[in-house]
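Asks: I would like to see how this sequence folds:
(chains A and B)
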Amino acid sequence: MYMILVGGGNVGVNLAKRLIQRQHEVLLLEKDARQATRLSNMLGEEHVYVGDGCELSTQKAVGFGRADVVIAVTGEDEDNMVVCQMAKVVWSCDRVLARVNDPSHEEIFRQIGIDDTVSATGIIFNLLEQQIAKDELIPLGALAKGNIEIVETVLSSRSPVVGRRVRDLTLPPQTNIVWILRDGQGLVVEGDTELKVGDEVVALLPSDRAEELRMLFVPTKV
Amino acid sequence: MRVVIFGCGRTGSSLGLMLAKNHQVTVIEQNPEALRRLGTRHQCKVVVGSGIDEEVLERAGIGEADVFFAVTRGDNSNIMAAQIARLKYKVPKICIKVADPHRADAYRKMGFECVVSSALIAGFMSDWMTEQPFRPIDEYNTLCEELKL
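Replies: Predicted coordinates:
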């Protein structure tokens, strides 16, 4: 496959290296001549082109028209947008991929038809959120005008209930553990069910008992 | 009309000062220094930040704007800001300054009003020389065959 990469920063270089290893025809575009020379030494000069990927003359010279995929990975969202949009509209290249640096731009990329975007910031943020959310009680929904709540928590190794059987827990009044998701499979909860690290525990309880349940499940902060 | 202008360079500041006499103008500019071009007695509202940042656009009142001008010297920033203004905030009138005639042609085909200042100036000068009357903008934009896609 002929792959054109625009932007010779860290992302562009490392991506190009891997794609070259996979035997693809790879051309990396970099507008800064000095940076391009460095890239040529690393990747081989047949894989590097000095030019601005947003310009028609460059696009013509490197053959945007016959590219199987155009990938824009500069550090500027506006540049990545224009590269991908011109590849699609002017050169009818239907496979484009854009790096999006500001996750709030993902929506506008999608709206103009650049469906494939990758946002490192977004990915790291989501992972962090999941890490932070571990051991916290997450409200999933409410019943009976908000008097009954459905909550979920993911057990970390620090949770005091790990290793204990459900029947041995002193749950708050009218509280039921209704479901456990373990290794992607739902478990019907019985008295003998032993809680393990990574379990996603779903409980049904009166809203004013949530704090008691949190005390039971969530490790006290050091 | 309610006007939002992204970019306070020579074009943006002239446009802002000109329009502020009769319209409600907000100027968005990343570099606070550049706002000096407006002088000290101007009537424009000023927002410091980037026009591709939705938060900044909203502070500038993009949601209620009748017209949006993107006139920084960055073609791609102008183009991106214009697309956000059109798709997300449904601004009815949008005009973009684009230095690269090919890029301007591509986005003109996508329905954006793109003004290429070099093409305008060249066209004006050429008509001045031959003492022809001046023409509509679009004619100047497309006068030079070599600069089309």
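Asks: Could you give the number of residues near residue A:62?
Replies: Residues near residue A:62, counting by other CB atoms under 10 Å in any protein chain shown, number 19. C-beta coordinates here come from the backbone N, C-alpha and C atoms, glycine included.
Asks: could you measure it against residue B:12, distance?
Replies: As judged by CB to CB, to the nearest Å, residue A:62 and residue B:12 stand 34 Å apart.
Asks: so residue B:135 sits in a helix?
Replies: No: under the criterion used here (DSSP: H, G, I helix; E, B strand; the rest coil), residue B:135 is coil, not part of a helix.
Asks: Does it touch residue B:124 like I think?
Replies: No: in this structure, residue B:135 is not within contact of residue B:124 by CB atoms under 8 Å, at 9.3 Å.
Asks: Show the secondary-structure elements that the helix or strand of chain B with the lowest mean pLDDT is packed against.
Replies: None of the helices or strands of chain B scores lower by mean pLDDT, DSSP states H and E than helix B:137-141, at a mean of 84. Applying 3 or more CB pairs under 8 Å, 6 or more residues apart in numbering or on different chains; DSSP states H and E, we find helix B:137-141 packed against helix B:101-109, strand B:113-115, helix B:117-129.
Asks: which ones are touching residue 95?
Replies: I'll assume chain A. Taking CB atoms under 8 Å, 6 or more residues apart in numbering or on different chains, we find residue A:95 in contact with A:68-70, A:116.
Asks: Hmm, no, I was thinking of chain B.
Replies: Taking CB under 8 Å, 6+ apart as the criterion, residue B:95 is in contact with B:67-70, B:113-115.
Asks: With residue A:149 instead?
Replies: A:139, A:141-143, A:204-207, A:210 are the contacts of residue A:149 under CB under 8 Å, 6+ apart.
Asks: hmm, which of those residues are the buried ones?
Replies: Those of the contacts of residue A:149 that meet the buried threshold are A:204-205, A:207, A:210, by 16 or more other CB atoms under 10 Å in any protein chain shown.
Asks: Switch those residues over to JSON lines; also include pLDDT.
Replies: Listed next are these as JSON lines, based on pLDDT from 0 to 100:
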{"residue": "A:204", "pLDDT": "92"}
{"residue": "A:205", "pLDDT": "92"}
{"residue": "A:207", "pLDDT": "85"}
{"residue": "A:210", "pLDDT": "84"}
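Asks: one step back: tell me which of the helices and strands packed on helix B:137-141 lies nearest to chain A.
Replies: helix B:101-109 (3.8 Å; CB to the nearest CB).
Asks: Quick check: the farthest pair among the contacts of residue B:95?
Replies: B:67 and B:114 (15.1 Å; CB to CB).
Asks: Need the contact partners of the least confident helix or strand of chain B.
Replies: Residues contacting helix B:137-141 (CB under 8 Å, 6+ apart): B:101, B:104, B:108, B:114-116, B:119-120, B:122-124.
Asks: Buried residues of that helix, list them for me.
Replies: Buried residues in helix B:137-141 (16+ other CB under 10 Å): B:137, B:140-141.
Asks: from the middle of its chain, how far away would it be?
Replies: 16 Å (CA atoms, centre = their mean, to the nearest Å).
Asks: Equivalent analysis for stretch A:196-207, please.
Replies: Centroid displacement of stretch A:196-207 relative to its chain, using CA atoms, centre = their mean, is 25 Å.
Asks: What segments of the chain are helices?
Replies: Went with chain A since none was named. Along chain A, counting by DSSP state H, helices occupy A:10-21, A:33-43, A:56-62, A:77-89, A:106-111, A:120-133, A:210-217.
Asks: I was thinking of chain B, sorry if that wasn't clear
Replies: Using DSSP H, helices in chain B cover B:10-20, B:54-59, B:75-87, B:101-109, B:117-129, B:137-141.
Asks: hey, least reliable of these by pLDDT?
Replies: Among these, helix B:137-141 carries the lowest mean pLDDT, at a mean of 84.
Asks: Of the contacts of residue A:95, which pair is most distant in space?
Replies: The largest separation in the contacts of residue A:95, counting by CB to CB, is between A:68 and A:116 at 13.6 Å.
Asks: Residue numbers of chain A in contact with chain B?
Replies: Counting by CB under 8 Å from any CB of the partner chain, chain A comes close to chain B at A:54-57, A:76-79, A:81-82, A:85-86, A:89-90, A:102, A:104-105, A:107-108, A:111-112.
Asks: hey, what's residue B:29 bridged with?
Replies: Note on residue B:29: beta-bridge partners by DSSP bridges are residue B:48.
Asks: sorry, back to before: which one of the helices of chain B is the most hemmed in?
Replies: helix B:75-87 (a mean of 24; mean count of other CB atoms under 10 Å in any protein chain shown).
Asks: burial measure for residue B:146, as a count.
Replies: Count around residue B:146 with other CB under 10 Å applied: 6.
Asks: On the pLDDT front, check it for me.
Replies: Residue B:146 carries a pLDDT score of 72 in this model.
Asks: residue closest to the middle of chain A?
Replies: Nearest residue to the geometric centre of chain A (CA atoms, centre = their mean): residue A:123, 3.1 Å.
Asks: Could you pick out the residues of chain B near chain A for me?
Replies: Counting by CB under 8 Å from any CB, chain B sits next to chain A at B:52-54, B:74-77, B:79-80, B:83-84, B:87-88, B:100, B:102-103, B:106, B:109-110, B:149.
Asks: OK, contacts around the closest residue to residue B:65 other than its chain neighbours?
Replies: Residue nearest to residue B:65 in three dimensions, not counting chain neighbours: residue B:4, with 4.6 Å by CB to CB, 6 or more residues apart in numbering or on different chains. With contacts defined as CB under 8 Å, 6+ apart, residue B:4 is in contact with B:25-26, B:28, B:57, B:60-62, B:65, B:67-69, B:85, B:91.
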